[in-house]
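*Asks:* show me the folded form of this:
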Amino acid sequence: MEQAILDSVDVLSLSLRGGSVPYYRDTIAIGAFAAMEKGIPVSCSAGNSGPTKSTLANVAPWIMTIGTCTLDRDFPAYATLGNGQKFTGVSLYSGRGMREKMVEMVYSKGSNTSSNLCLEGSLDPAIVCGKVVVCDRGINARVEKGAVGANGGTMACPPANPEL
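*Replies:* Prediction:
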């Protein structure tokens with residue numbers, strides 16, 4: 001935060017959450033106060049771990065604290081592996097499912113140390129095209145991981161068959 005202030009940024013946006021401590025021990029509140037003194041607005045995530053009271057973080061009055069809400073419903077998604085093992089998850093995908101069609105799954109953790117993270121250019125299209133690609137969390141955004149996996153790591157995969 002100090003470097004950002006020295007660099008004269010226009011806004012500080014932090015998706016960080018700490019515990020609830022007095023302001024004089026809250027490093028985010030202290031840094032945000034220094035930024036506010038220089039005219040730099042600071043936006044932080046609320047980090048709600050509720051639904052009980054006092055579950056928000058970054059509540060110093062000089063911080064613009066942003067919160068989100070949760071949905072009171074799930075959108076279940078199901079996957080069955082070739083060995084019959086079943087997994088339940090959630091998805092916001094509302095298109096047609098794959099029904100009984102089996103699709104190979106690939107986790108590309110080979111000699112290329114960035115392929116398991118699905119970094120751009122790290123996946124071999126010959127290995128991943130047309131398959132479900134599993135990516136580890138970290139470094140790049142999950143949206144980017146999805147795009148890299150869908151495109152086979154380059155832009156070399158043929159368009160998906162809309163009849164699936």
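
*Asks:* any chance of the backbone angles for the residue lying farthest from the centre of the chain?
*Replies:* Among the C-alpha atoms of the chain, the one most distant from their mean position (CA atoms, centre = their mean) is that of Glu37, at 31.7 Å. Glu37 adopts backbone torsions of phi -60, psi -30, taken as degrees, to the nearest 10.

*Asks:* next: Pro76.
*Replies:* The phi/psi pair for Pro76 (degrees, to the nearest 10) reads phi -70, psi 150.

*Asks:* before we move on, what about the one 4 residues further on?
*Replies:* For Thr80, the backbone dihedrals are phi -120, psi 120 (criterion: degrees, to the nearest 10).

*Asks:* and it, bridged to which residues?
*Replies:* Counting by DSSP bridges, Thr80 is bridged to Lys86.

*Asks:* and stretch 124-142, what's its mean pLDDT?
*Replies:* Mean pLDDT, stretch 124-142: 81.

*Asks:* let me fix that, I meant to ask about stretch 94-112.
*Replies:* Per-residue scores along stretch 94-112 average to 73.

*Asks:* can you tell me what sits against that stretch?
*Replies:* Contacting residues not belonging to stretch 94-112 are listed as 81-82, 115-116, 118, 122-124, 127-128, 130-134, 136, 164 [CB atoms under 8 Å, 6 or more residues apart in numbering]. From N, CA and C alone the C-beta is placed, and that goes for glycine too.

*Asks:* can you show me the helices along the chain?
*Replies:* 2-6, 27-37, 125-128, 142-150 (DSSP state H).
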